[in-house]
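Peer 1: Dropping a prediction and its sequence here:
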Amino acid sequence: MTGIAFALLLTAALTGYMMNRRAALALRDGGQRLHSVGMFHGLYAVLAVVVPSVVVILLWLMLQAPVINAMVMSGLPAGTLDGLDSGARQLAQAEIQSIAGGRIFGSPESWKLDAAERLNSLRGLSGWLMVAVVALVVAAGLWLTRRSVAPQFRARQAVERIVLGLMIFCSVIAVFVTVGIVLSLVFESIRFFQMVPITEFLFGTRWEPQIPIRADQIAADGAFGWLPVLLGTLVITFVAIVISVPVGLMSAIYLNEFASPRFRAVAKPMLEILAGIPTVVYGFFAILTVAPAIRAWGAALGIPVAPNTALAAGGVMAIMLIPFISSFADDALSAVPRSLRDGSMALGATRSETMLKVLFPAAVPGIVGGVLLAISRAIGETMIVVMAAGLIAKMTINPLDSVTTVTVQIVTLLIGDTEFDSPKTLAAFALGLMLFILTLLINIVALRVVRKYRELYD
Amino acid sequence: MSDQSADIAQRHDWGSARFQSNLARRRRNEKILAAFGLGAIAMAFLVLAILLWTLISGGAQAFRQTHVAIEVPVSAEWVDPADPAKGNYRNVIRDAMQTTFPDADPSELRALSGILSNAAQFVVRDKVVADPSLIGQTVSIDVPTSDPYDQLNKGNVDTQSAENTRRLSDADIAAFQQLKDQDRISLPINWALFTNADSRFPELAGLKGAIVGSAYALLICFLISFPLGIGAAIYLEEFAPKNKLSDIIEVNINNLAAVPSVVFGLLALAVFLGWFGMPRSAPLVGGLTLGIMTLPTIIIATRAALKAVPPSIREAALGVGASKQQVVFGHVLPLAMPGILTGTIIGLAQALGETAPLLLIGMNAFVTAAPATPFDASTALPTQIFIWADSPERGFVSRTSAAILVLLGFLVVMNAVAIWLRNRFERRW
């Protein structure tokens, strides 16, 4: 049905273009002076047809499923859903949907079959209704724009106004996304904080989200203090930064000051490859190669090493961050005015002295900004730690121990069942909110630092 | 005056031992710094080399699969000619092993049937269903072996180790050797890796579902992020007045580019799945999520490309009477297009490797068929890698590496196209 609606829309747009353009040209050939050339009269028709009907189709598709589901569920014989909790209701709804899709398992009750039939007929009806509404919108658009063709009609201005409006809409989408992120995180977090006090979440030192789902299940009572999770994140981030910053800085210094142009032309893209490798690949590398290697070293040295060390996760994360820090530092060093470098060399300083005593101090704000962005990346990095770090939250700062991170907890809490009213899944949103705030703050500080430094020389 | 300069010359006697040693120390420091820098780069390259070597050496094996060719007598005892689809093909396979190993007693046959992949019975069934006249005759099939034997054939099993530490007993190994001596074992290219979807059995698992799922998701990601990104970038770069709103949008986009990807997954989970009730695990939702993630990248790349078009082009067009939009759409945008496309392809390549948000919307489901539409449950390449990396069977380790190589292959192609576009169409003004 959606395909038919779009086909209708396209034909109408083409027809509108031809019709209006021809009408405008006919006026011109009749000896009248047109304000806008024929093409704009045509485009005006296209936009007047396409924009409203696309909006109608998208809104329809978005609202269709919830509305039809609500109608089917409310149309069930009275009393069928009495005494069922929300989980059982969702299950019944899912079963009705799968029956409607032709996947019948076992012998469902007759009311489910009836409901599935009703669902299918409603869906068909909705499809036809959508086509009809689109046809109506399209016809109205064609009729109105055809009437507007006149010598004095400012078709170009009208088209440009619509296009400008569309472009403003595109830019505002980005704002909507941010608002959507903040709203969804805050909304779900508030529900979480209604179940778990916010003070317990912020200052609690135990994180044991395994709560019993059924009454007879044996599990921990659940503790939602995020401090051990945060500490684990910081330990891994610290390991990653301690390894990647010196390596990244040194390679930037070499590339910027010592390397021949040919070496630089080869080495820089090679370093960028490290940044382009998907993180899931790094995660696999960590569990396949790095973690066993660290375990073997630990065994050889007689140090107790956990199977999922923070060192393995942080070390592999460091590899990912090296090109990031290196290119940031390289840019910062290159941005130092040439005169500083020339002045230092003219006074007889060696290249290393120029680098360490003149260029580097001048570039420090930019480099600090880069390191801050790298920290924010390390905190938000997910796949490496999901695969290589542990699951159990511990209050430890030993990098050879197994720790967990905010992102690991978000993913493990949400993989599998996602019931939207258990504190277990909602806790993931609270963690997500904290992660969002933390990375946002670091990013803002980093951008401030970078901007301040730019003003120094311009 | 001359006294003073003589004094300075004496104090700065460049030939003196003190200055010489000073100079030597400074030059040494220079070398040390350069060596450190070179060492850092060498270390990064070493890690890259180890990473690639691990993947290639591990993954290369998965591009070949051990097959065994046997003759299967299809007896009417097990398969009813009236309804060939419902036959007992497990017993048919057992008969085949009995003919291949005439000496084996019934208790051993069970283990011997395990040499063949679980798919063998379905291969025979499909052949018989297609041509029921085969009942009572012998069918030749060439099917994958099950994973332990595949590993054995590829030399990954240490036959000298203690028998109870490996999955194959000495008898199993002897039986396999017998098949090998009969020239029934081959090691062809593993096309199933690309033509099959996921499976619980490593020898049958393939990437088709993941590749199709990723393609759908990427297509939707492109359809969303490309027009929206270009529209936003043109407005912000060419039309936006300098006011509070433009500033807010600008800061917003920069911050959005740095939001951790897992947060976009949370957004998708709460909004697309929770509020709009979209289907779980669908490439449609994955594509939408990746699309809003890629949006800032494309906006930033497009703005850079638009900025690189010199103002003289705009002024000349304005001078001959074009309107502002005619200038942008007729002159600036076409000139900026190569840069925009390069940025878009790089953004899409990033989206292709993105895993975390897809995990949260359930694209790590176990799906044994490729999705027919973007609304069907599916995996994507990176999530498939994640699933396989978690699977304990030996065969999945090399398959994970192979899947990673396939993913990296796609990324290399996309980046190569981007670089080619840039070199081919880049203009210096």
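Peer 2: Good, I have the coordinates.
Peer 1: pLDDT below threshold where in the chain?
Peer 2: If you meant another chain, say so; for now it's chain A. Confidence mapping of chain A against pLDDT under 70 gives the ranges A:79-87, A:211-221, A:416-421, A:453-458.
Peer 1: My question was about chain B, not that one.
Peer 2: In the predicted model, chain B carries pLDDT under 70 at residues B:1-12.
Peer 1: hang on, B:L273 packs against B:I361?
Peer 2: Yes - under the criterion of Cβ atoms under 8 Å, B:L273 makes contact with B:I361 at 6.3 Å. In this view, the C-beta of every residue, glycine as well, is placed from N, C-alpha and C.
Peer 1: Spit out the residues that contact the two alike.
Peer 2: B:R280, B:V285 (Cβ atoms under 8 Å, 6 or more residues apart in numbering or on different chains).
Peer 1: Wait, B:L411 touches A:V281, no?
Peer 2: No - the criterion here is Cβ under 8 Å, and B:L411 misses it with A:V281 at 9.7 Å.
Peer 1: Common neighbours of those two, please.
Peer 2: The contact sets of B:L411 and A:V281 overlap at B:G353 (Cβ under 8 Å, 6+ apart).
Peer 1: These two - which one has more neighbours?
Peer 2: Under the criterion of other Cβ atoms under 10 Å in any protein chain shown, the comparison of B:L411 against A:V281 puts A:V281 first, with 27 against 22.
Peer 1: Give me the nearest residue to the more buried one, chain neighbours excluded.
Peer 2: In space, and not counting its chain neighbours, A:V281 is closest to B:I404: 5.2 Å by Cβ to Cβ, 6 or more residues apart in numbering or on different chains.
Peer 1: of B:L273 and B:I361, who's got more company?
Peer 2: Using other Cβ under 10 Å, the more surrounded residue of B:L273 and B:I361 is B:I361, with 27 against 20.
Peer 1: Show the contacting residues for that one.
Peer 2: Applying Cβ under 8 Å, 6+ apart to B:I361 gives the contacts B:G265, B:A268, B:L269, B:F272, B:L273, B:R280, B:S281, B:V285, B:G286, B:T289.
Peer 1: 7 Å instead?
Peer 2: Neighbour list for B:I361: B:G265, B:A268, B:L269, B:L273, B:R280, B:S281, B:V285, B:G286, B:T289 [criterion: Cβ atoms under 7 Å, 6 or more residues apart in numbering or on different chains].
Peer 1: Can you turn the buried subset of those into a selection I can paste into ChimeraX?
Peer 2: To isolate the buried subset of the contacts of B:I361 in ChimeraX, counting by 16 or more other Cβ atoms under 10 Å in any protein chain shown, use the following:
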select /B:265,268,269,273,281,285,286,289
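Peer 1: restrict the contacts of B:I361 to contacts with chain A.
Peer 2: Among the contacts of B:I361, the residues lying close to chain A (Cβ under 7 Å from any Cβ of the partner chain) are B:L269.
Peer 1: quick one: which of the contacts of B:I361 is nearest to chain A?
Peer 2: B:L269 (6.6 Å; Cβ to the nearest Cβ).
Peer 1: Would you confirm that that closest one contacts B:L360?
Peer 2: Yes - in this structure, B:L269 is within contact of B:L360 by Cβ atoms under 7 Å, at 5.0 Å.
Peer 1: joint contacts of these two?
Peer 2: Both B:L269 and B:L360 are in contact with A:L414, where contact means Cβ under 7 Å, 6+ apart.
Peer 1: Contact residues of the stretch 101-250 of chain A facing chain B?
Peer 2: So the stretch 101-250 of chain A meets chain B at A:156, A:160, A:163-164, A:166-168, A:170-171, A:173-175, A:177-178, A:180-181, A:184-185, A:188, A:247, A:250 (Cβ under 7 Å from any Cβ).
Peer 1: and stretch A:333-351, is it in reach of chain B?
Peer 2: Yes - applying Cβ under 7 Å from any Cβ, one finds stretch A:333-351 in contact with chain B at A:T350, A:R351.
Peer 1: Name the residues of that stretch that are buried.
Peer 2: A:L333, A:A335, A:V336, A:R341, A:S344, A:A349, A:T350, A:R351.
Peer 1: Quick one: the strands in the chain, in order.
Peer 2: In the absence of a named chain, this looks at chain A. Counting by DSSP state E, the segments of chain A that form strands are A:207-208, A:223-224.
Peer 1: meant chain B, my bad for not saying
Peer 2: Listed in chain order, the strands of chain B (DSSP E) span B:67-73, B:138-144, B:185-186.
Peer 1: wait, which of those strands is closest to chain A?
Peer 2: Nearest to chain A among these is strand B:138-144; the distance by Cβ to the nearest Cβ comes to 23.9 Å.
Peer 1: related to what we said a few turns ago, narrow the residues of the stretch 101-250 of chain A next to chain B to just the buried residues.
Peer 2: A:156, A:160, A:163, A:167-168, A:170-171, A:173-175, A:177-178, A:180-181, A:184-185, A:188, A:247, A:250.
Peer 1: Quickly list the domain ranges of the chain.
Peer 2: Just going to use chain A. With domains defined by automatic domain parsing, chain A comprises A:2-156, A:223-457.
Peer 1: wrong one, I was asking about chain B
Peer 2: Taken from automatic domain parsing, chain B resolves into B:16-61, B:66-188, B:208-425.
Peer 1: Would you tell me which one of these is buried the most?
Peer 2: Highest mean neighbour count of these: domain B:208-425, a mean of 20 (counted as mean count of other Cβ atoms under 10 Å in any protein chain shown).
Peer 1: So for it, first residue to last residue, what's the gap.
Peer 2: From its first residue to its last, domain B:208-425 covers 34 Å (Cα to Cα, to the nearest Å).
Peer 1: What of stretch A:342-354?
Peer 2: Per Cα to Cα, stretch A:342-354 runs 9 Å from first to last residue.
Peer 1: how much space is there between the residue of the stretch 101-250 of chain B at minimum distance from chain A and B:R314?
Peer 2: Nearest residue of the stretch 101-250 of chain B to chain A (Cβ to the nearest Cβ) works out as B:G231 at 3.1 Å. Here B:G231 is placed at a distance of 19 Å from B:R314 (Cβ to Cβ, to the nearest Å).
Peer 1: cool, and B:S214?
Peer 2: As judged by Cβ to Cβ, B:S214 and B:R314 stand 40 Å apart.
Peer 1: ok, now A:T412?
Peer 2: Distance from A:T412 to B:R314, by Cβ to Cβ: 53 Å.
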